[in-house]
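Asker: Here's my sequence, what's the structure:
(2 chains)
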Protein chains: 2
Amino acid sequence: MGKLIFIGLGLHGCKSISLRGLEEARRADEVYLDAYTSIIPGLRVEELEELLGRGVRTASRKLLEGRETRKLLRSAVEKTVALLVPGDPFVATTHISLALEAVDLGIRVEVIPGASIASAIAGATGLQIYKFGRSVTVTYPEEGFVSEVPYEVVKENLQRGLHTLLYLDVRVDEGRFMSVSEALRLLSEIEERRRDGVFTEDRLVVGVARVGAPDSVVKAGPLKSMIDVDFGGPPHSIVVPGRLHFMEKEALVKLAGAPRSAVEKHGWGTRS
Amino acid sequence: MGKLIFIGLGLHGCKSISLRGLEEARRADEVYLDAYTSIIPGLRVEELEELLGRGVRTASRKLLEGRETRKLLRSAVEKTVALLVPGDPFVATTHISLALEAVDLGIRVEVIPGASIASAIAGATGLQIYKFGRSVTVTYPEEGFVSEVPYEVVKENLQRGLHTLLYLDVRVDEGRFMSVSEALRLLSEIEERRRDGVFTEDRLVVGVARVGAPDSVVKAGPLKSMIDVDFGGPPHSIVVPGRLHFMEKEALVKLAGAPRSAVEKHGWGTRS
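Answerer: Numbering: from 1, shown residues only, chains lettered A, B, ... in the order given. Below is the predicted model:
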């Protein structure tokens, strides 16, 4: 009997995979690398193949949620198929959908977790994980239409004193990765229309890039001082802190280089 | 110059550590294992020592946040000290506090992420990570006092249609680990007093145990049918689902064995 095994690759290069994930990938009959839902900085396919001692097929959108999905699933009916995914599996709905199709075909599904930004953001910023409200993605405008959902979510979280993790749009197939700067510009534009005091010039924000990688960057400060910062290569994310505990203030100053003044006078409220 | 490096061990046994974490731990001058903030099912210290090819010192509460912390930090002023932690570092405030003390002493701090329940819960349940509101811990009563904070948090999340991840109390030093059953009983007791319709008999809940381990258990159903289920060894957690997308309903049925009726008639509302 076959199985489909989702293996989290973690956040950086080849070596963020777990030992168990490595063993399972080496043992599998077929190994695919998800090159669609996100990217891992520093990951080179040749290096991954060397580490696994075998060939790895790159899985595009077509294979993961398009017309070629059946091909991948057909293999898993009798063989063990491993799908290596950036970060932690099932954070992308593509993976959940694929797993459910597999179950319908009687294929056993296993998941080997990997490190994910959803949790590593606490290690990167020193902000407490249980004080994060819901997270949301800032997406590129579609035909001029800018989604205001991220603005709404941050506003709602701020009103409850909660932090927000903003994922930034990643379109691997188009080679587009939203930067902290691009996202803050989009959010400031919404602020100009809405005027609810969510993304004002003085709003304390934390920009992070390549969390979990040796060259990761974390910088906190008022929006106006962060909008022109170059965080380097993708992926980028933003955190908007809510009410700050004393220790969190210290962390933003000491781990994220926030100006002490910005943290001390930090008010998490909004205008409406 | 020394450094303090936090290395996430992930969620199960010795082999959830990343390759990079393993390399760093092997290279470090001193290696400690955090045996205080949480536990990893299936982890045996001797096996870990064999994997690392070196001795590992067990770090108790005293060493991590008590009067012996200075000892650990003094080592890190000149040497490389690795602290192996369950799950992902910095999810426990103990680690953030230790990191900040280290920075004050001029010690470089590094973090190597590990898999965490905060993200792996999506892989275990098929629920979408960005629809989780804030999380909270259900704690053991202290001198008869039962905290109602978890009740409040779930209520608030439900009113917004959001899912809630409930961490259950882990007191490694006392050998006490709250079970799904114990937690549901505590929450039902609060319901009897509050009557806001949050933890009623029909409330759909998901119990999970040992997420990320090969013997993990995930079961979803109405509270009344889950309260007597034995999930086996720790750690346990609970998810209270909010508004469910079609795919999430399918996932709860197919991955968590929820009765289809419980999912179809699922209402996420509360009474007040």
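Asker: what's the next secondary structure element after the one helix or strand in chain A whose mean pLDDT sits lowest?
Answerer: When each helix and strand of chain A is scored by mean pLDDT, DSSP states H and E, helix A:61-65 comes last, with a mean of 85. Moving toward the C-terminus from helix A:61-65, the next helix or strand (DSSP states H and E) is helix A:69-78.
Asker: For A:S181, which non-adjacent residue is closest in space?
Answerer: Using Cβ to Cβ, 6 or more residues apart in numbering or on different chains and skipping residues adjacent in sequence, the residue nearest A:S181 is A:I227, 5.8 Å away. C-beta: built from backbone N, CA, C; applies to glycine.
Asker: show me the contacts for the one you found.
Answerer: A:S181, A:L184, A:R185, A:S188 (Cβ atoms under 8 Å, 6 or more residues apart in numbering or on different chains).
Asker: Identify the bridge partners of A:V138.
Answerer: A:L168 (DSSP bridges).
Asker: With only the CA atoms kept, save the helix or strand where A:L252 lies in PDB.
Answerer: Assigned by DSSP H and E, A:L252 belongs to helix A:246-254. Listed next in PDB are the C-alpha coordinates belonging to helix A:246-254 (Å, rounded to 0.1, in the frame of the first residue of the first chain):
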ATOM      1  CA  PHE A 246       7.700  45.000  29.500                       C
ATOM      2  CA  MET A 247       9.800  42.100  28.300                       C
ATOM      3  CA  GLU A 248       8.500  42.500  24.800                       C
ATOM      4  CA  LYS A 249       9.600  46.100  24.800                       C
ATOM      5  CA  GLU A 250      13.000  45.100  25.900                       C
ATOM      6  CA  ALA A 251      13.100  42.400  23.100                       C
ATOM      7  CA  LEU A 252      12.200  44.900  20.400                       C
ATOM      8  CA  VAL A 253      14.900  47.200  21.500                       C
ATOM      9  CA  LYS A 254      17.600  44.600  22.100                       C
END
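Asker: list the buried ones in it?
Answerer: Judged by neighbour count (16 or more other Cβ atoms under 10 Å in any protein chain shown), helix A:246-254 contains these buried residues: A:E248, A:K249, A:E250, A:A251, A:L252, A:V253, A:K254.
Asker: Phi and psi next, for A:D228.
Answerer: phi -110, psi 10 (degrees, to the nearest 10).
Asker: Just give me the closest of the buried residues of helix A:246-254 to B:I40.
Answerer: The closest of the buried residues of helix A:246-254 to B:I40 turns out to be A:A251 (Cβ to Cβ; 25.1 Å).
Asker: Distance of A:N157 relative to A:R176?
Answerer: Per Cβ to Cβ, to the nearest Å, A:N157 is found 27 Å from A:R176.
Asker: Have a look at these two and say which one is more surrounded.
Answerer: A:N157 (26 against 12; other Cβ atoms under 10 Å in any protein chain shown).
Asker: where's that one relative to A:L19, distance?
Answerer: Distance from A:N157 to A:L19, by Cβ to Cβ: 37 Å.
Asker: swap in A:R108?
Answerer: A:R108 is 22 Å from A:L19, by Cβ to Cβ.
Asker: gap between the two ends of stretch A:19-38?
Answerer: End-to-end distance of stretch A:19-38 (Cα to Cα, to the nearest Å): 22 Å.
Asker: Correction: the previous question concerned stretch A:80-98.
Answerer: 15 Å.
Asker: just how off-centre is the least confident helix or strand of chain A within its chain?
Answerer: 20 Å (Cα atoms, centre = their mean, to the nearest Å).
Asker: Then stretch A:96-112?
Answerer: Distance, centroid of stretch A:96-112 to centroid of chain: 23 Å (Cα atoms, centre = their mean).
Asker: Helices of the stretch 51-200 of chain A, residue ranges please.
Answerer: A:61-65, A:69-78, A:93-104, A:117-125, A:149-159, A:180-194 (DSSP state H, counting those that start in this stretch).
Asker: For the stretch 151-272 of chain A, which residues are neighbours of chain B?
Answerer: Applying Cβ under 8 Å from any Cβ of the partner chain, we find that the stretch 151-272 of chain A lies next to chain B at A:E156, A:R160, A:L162, A:Y167, A:V211, A:G212, A:M247, A:E250, A:A251, A:K254, A:L255.
Asker: I'd say the first one and B:Q159 touch.
Answerer: No. Using Cβ atoms under 8 Å, A:E156 is not in contact with B:Q159; the gap is 11.3 Å.
Asker: on that earlier part again, could the contacts of A:I227 be laid out in JSON lines, adding neighbour count?
Answerer: As requested, those are exported to JSON lines (neighbours: other Cβ atoms under 10 Å in any protein chain shown):
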{"residue": "A:S181", "neighbour count": "16"}
{"residue": "A:L184", "neighbour count": "23"}
{"residue": "A:R185", "neighbour count": "13"}
{"residue": "A:S188", "neighbour count": "17"}
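Asker: Return the member of these nearest to chain B.
Answerer: For the contacts of A:I227, the closest approach to chain B (Cβ to the nearest Cβ) belongs to A:L184, at 19.9 Å.
Asker: Spell out which residues sit in contact with the closest residue to A:P41 other than its chain neighbours, please.
Answerer: Leaving out its chain neighbours, the residue that sits closest to A:P41 by Cβ to Cβ, 6+ apart is A:R210, at 4.8 Å. Residues near A:R210 by Cβ under 8 Å, 6+ apart: A:L11, A:H12, A:P41, A:S216, A:V217, A:G232, A:G233, A:P234, A:P235.
Asker: Could you do A:A115 as well?
Answerer: A:A115 touches A:8, A:10-11, A:16, A:87-88, A:212, B:8, B:10, B:18, B:88, B:113-116, counting by Cβ under 8 Å, 6+ apart.
Asker: Please repeat the previous calculation with a cut-off of 10 Å.
Answerer: Residues near A:A115 by Cβ atoms under 10 Å, 6 or more residues apart in numbering or on different chains: A:8-12, A:16-18, A:87-88, A:123, A:211-212, B:8, B:10, B:18, B:21, B:87-88, B:112-116, B:119-120.
Asker: from the residues of the stretch 151-272 of chain A next to chain B, which two are the most distant?
Answerer: Largest pairwise distance in those, by Cβ to Cβ, is 29.3 Å, between A:E156 and A:K254.
Asker: In three-state terms, how would A:V218 be classified?
Answerer: Following DSSP: H, G, I helix; E, B strand; the rest coil, A:V218 is assigned to strand.
Asker: which residue packs closest to A:K79, ignoring adjacent ones?
Answerer: A:K79 sits nearest to A:D29 (Cβ to Cβ, 6+ apart), 3.8 Å away.
Asker: ok, that neighbour touching A:R57?
Answerer: No. In this structure, A:D29 is not within contact of A:R57 by Cβ atoms under 10 Å, at 11.9 Å.
Asker: can you put the buried residues of helix A:246-254 in JSON lines and add pLDDT and distance to A:D202?
Answerer: Output for the buried residues of helix A:246-254, formatted as JSON lines (pLDDT from 0 to 100; distance: Cβ to Cβ, whole Å):
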{"residue": "A:E248", "pLDDT": "96", "distance to A:D202": "18"}
{"residue": "A:K249", "pLDDT": "96", "distance to A:D202": "16"}
{"residue": "A:E250", "pLDDT": "96", "distance to A:D202": "21"}
{"residue": "A:A251", "pLDDT": "96", "distance to A:D202": "20"}
{"residue": "A:L252", "pLDDT": "97", "distance to A:D202": "15"}
{"residue": "A:V253", "pLDDT": "97", "distance to A:D202": "17"}
{"residue": "A:K254", "pLDDT": "95", "distance to A:D202": "21"}
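Asker: Can you add distance to A:V136 and give the residues you listed back as JSON lines?
Answerer: Shown next, in JSON lines, are the buried residues of helix A:246-254 (distance: Cβ to Cβ, whole Å):
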{"residue": "A:E248", "distance to A:V136": "21"}
{"residue": "A:K249", "distance to A:V136": "24"}
{"residue": "A:E250", "distance to A:V136": "27"}
{"residue": "A:A251", "distance to A:V136": "23"}
{"residue": "A:L252", "distance to A:V136": "21"}
{"residue": "A:V253", "distance to A:V136": "27"}
{"residue": "A:K254", "distance to A:V136": "28"}
